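Novice: no sequence for this one, just the structure:
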């Protein structure tokens, strides 16, 4: 038998200096890092896509190839397959992500609502103070209301219209009083209430002049890019901002290039939120006859026809693909600039989108998976392997995970836990919650709400205060074998249902106990 | 200088009467929307925050009403006294009512959801503006109209005394909020 001789040892020793010259990915292949070996990251970058449902992404197995670039990113990231947003629209979803608190605690539950004022100091920006320079950008004015509440904790704040083509927002002019000025001008005096039966703005003179001026900007921008955007320029739904996705990502790329480490950056981009306006390259990409499982209409839904659902789903998928291609450009820059070697990059969404049961969009009391399940992909410094995590997680878990990765103590008030795969362990007994309560006053106990509780394989949905059949109703699904949520087990699995119901009601009562009924 | 101003412009009481009419229309337009919005704000905003929004609105109305007041004052300054200044109450109030009424019409007819410029409305602005001027001049000639608009302006003066201080205080609040970071 050949023994390892002194000569062999010397030969091998000669290879040691060569290893120093190896690129980091090669080193990682040979000596992969354990999670607890991750050094405090130089930068943390969150890229949040508004209204991006995990159920429509090819990175999570959707039949349409909507996200080839996310698939590329996933090859070097922790991919969370059962990640839930704590809310089903921007206000609660964003607030939970940035605070680690559930909506029934932070109370940003209404459309364009705000967090409980006494809790605004509990946010990721404040917790990372001193460790990172903090940068925030959101195109969505609903998220901007929340971020305005944290403005004293943010070093650099880009305005929602930073990378736009036409902008009719006004609040950003009042830098020292952003919260009030956005509310006063963009939600009231100069509000473009598209969905309202009364389109006029509350300011008779300046509002009318501003609207005429803005519409001229829009027409000029539309005509300049009519070839590229055959069904119109992308724009925000309720607020007057028109943009090209390319410009937004160009802006992000330039921001990333100018980042001076260490930085924590939160980038919240509007696509693929409706209105779905894919560019020419992606428009009509998915005329493939794909038909998802047909589900009966829900009486709390908007009774959208299945034909319309299919049409909107196709257009949404095209818009997702468009957003993904732009993300690909950003990913190239992150790769080439070496950012991925020393930074934590997170891709996620604030809520999902529904195209089933007579519902289109996310402005709904329904809490089925398409509107709650969002992507979560986290690439840690120097990660070169995909790590799939199938256990249920929640957006409230992102804040404690980032604190853990940054060696910052996790505060007691945080309602999330460190994500499995990044230092946390999966607890099958843990329950996570998603809450919809936009019709309920923020300063009162929840009496009109939908609450989804996820525990292990099961998901319990509780409808509260919607009248008639849904005044106090429950649905139970086993997501391990019924991902489409079509077999309600509430009656047949009575033991599990009653245990989960008791736990949900206990949590709800605890949340409500802060308020007088 | 003071004499020139005195010759060119109407009496302060008359200016206040026209300002009262302007502020009645501009402030009430905003207040109607404010009360329409209020129930939804009550869901998630505190009384103090709603008061600040109201202060921003009233400060904006204050600046808007002063801007609109410049219009009849400008006409006083450039036109012969017999044409406008001598009939300031009647012609001024007719001008203000018709002009602001037309702006209300424009405001209610500009929609933003179809991404199209309201060309038809904008093209007509100079024509209708001219028509409003002609009608205002006629208001000074037809005695019934003259009397009606004068009576109206005379009664509207109370709104000047209400909204002027409200608007000014609101402006101070907004300035203070923006000087001292909240």
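Specialist: Cool, got the structure. In this text, all values refer to a predicted model and were calculated from it rather than measured experimentally.
Novice: which residues sit in contact with residue A:457?
Specialist: A:478-481 (Cβ atoms under 8 Å, 6 or more residues apart in numbering or on different chains). To be clear about C-beta, it is placed using only N, CA and C from the backbone, and glycine gets the same treatment.
Novice: drop anything exposed from those residues.
Specialist: A:478-479 (16 or more other Cβ atoms under 10 Å in any protein chain shown).
Novice: so of the contacts of residue A:457, which ones are in strands?
Specialist: Among the contacts of residue A:457, the members falling in strands (DSSP state E) are residue A:478.
Novice: need the contacts of residue A:457 in JSON lines (columns: pLDDT and distance to residue A:298).
Specialist: Below are those laid out as JSON lines (pLDDT from 0 to 100; distance: Cβ to Cβ, whole Å):
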{"residue": "A:478", "pLDDT": "97", "distance to residue A:298": "19"}
{"residue": "A:479", "pLDDT": "96", "distance to residue A:298": "18"}
{"residue": "A:480", "pLDDT": "94", "distance to residue A:298": "23"}
{"residue": "A:481", "pLDDT": "94", "distance to residue A:298": "21"}
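Novice: now distance to residue A:330 too, for the contacts of residue A:457, in JSON lines please.
Specialist: JSON lines is the format used below for the contacts of residue A:457 (distance: Cβ to Cβ, whole Å):
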{"residue": "A:478", "distance to residue A:330": "38"}
{"residue": "A:479", "distance to residue A:330": "32"}
{"residue": "A:480", "distance to residue A:330": "35"}
{"residue": "A:481", "distance to residue A:330": "37"}
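Novice: among the contacts of residue A:457, which two are most distant?
Specialist: Using Cβ to Cβ, the two most remote members of the contacts of residue A:457 are A:479 and A:481, lying 7.9 Å apart.
Novice: of the contacts of residue A:457, closest to chain B?
Specialist: The nearest member of the contacts of residue A:457 to chain B, counting by Cβ to the nearest Cβ, is residue A:479 at 32.4 Å.
Novice: so that closest one is in contact with residue A:487, correct?
Specialist: No: using Cβ atoms under 8 Å as the test, residue A:479 is too far from residue A:487 to be in contact (10.7 Å).
Novice: looking at the contacts of residue A:457, which one is closest to residue A:418?
Specialist: For the contacts of residue A:457, the residue nearest residue A:418 by Cβ to Cβ is residue A:479; the value is 22.7 Å.
Novice: and the gap between residue A:169 and residue B:153?
Specialist: According to Cβ to Cβ, to the nearest Å, residue A:169 and residue B:153 sit 37 Å apart.
Novice: tally of neighbours for the nearest residue to residue A:119 once chain neighbours are set aside?
Specialist: Of all residues not flanking residue A:119 in the chain, residue A:106 sits nearest, at 5.6 Å (Cβ to Cβ, 6 or more residues apart in numbering or on different chains). The tally of other residues near residue A:106 (other Cβ atoms under 10 Å in any protein chain shown) stands at 29.
Novice: surely residue A:106 meets residue A:118?
Specialist: No: with contact defined as Cβ under 8 Å, residue A:106 does not count as touching residue A:118 (10.4 Å).
Novice: separation between the closest residue to residue A:409 other than its chain neighbours and residue A:128?
Specialist: Excluding the flanking residues, the one nearest residue A:409 by Cβ to Cβ, 6+ apart is residue A:403, at 7.1 Å. According to Cβ to Cβ, residue A:403 and residue A:128 sit 8 Å apart.
Novice: about what we covered before: so how far is residue A:438 from the residue nearest to residue A:119?
Specialist: Counting by Cβ to Cβ, the gap from residue A:106 to residue A:438 is 14 Å.
Novice: and the helix or strand harbouring residue A:309, what's buried?
Specialist: Using DSSP states H and E, residue A:309 sits in helix A:306-336. Applying a neighbour-count criterion of 16+ other Cβ under 10 Å, one finds A:306, A:309-310, A:312-328, A:330-331, A:334 buried in helix A:306-336.
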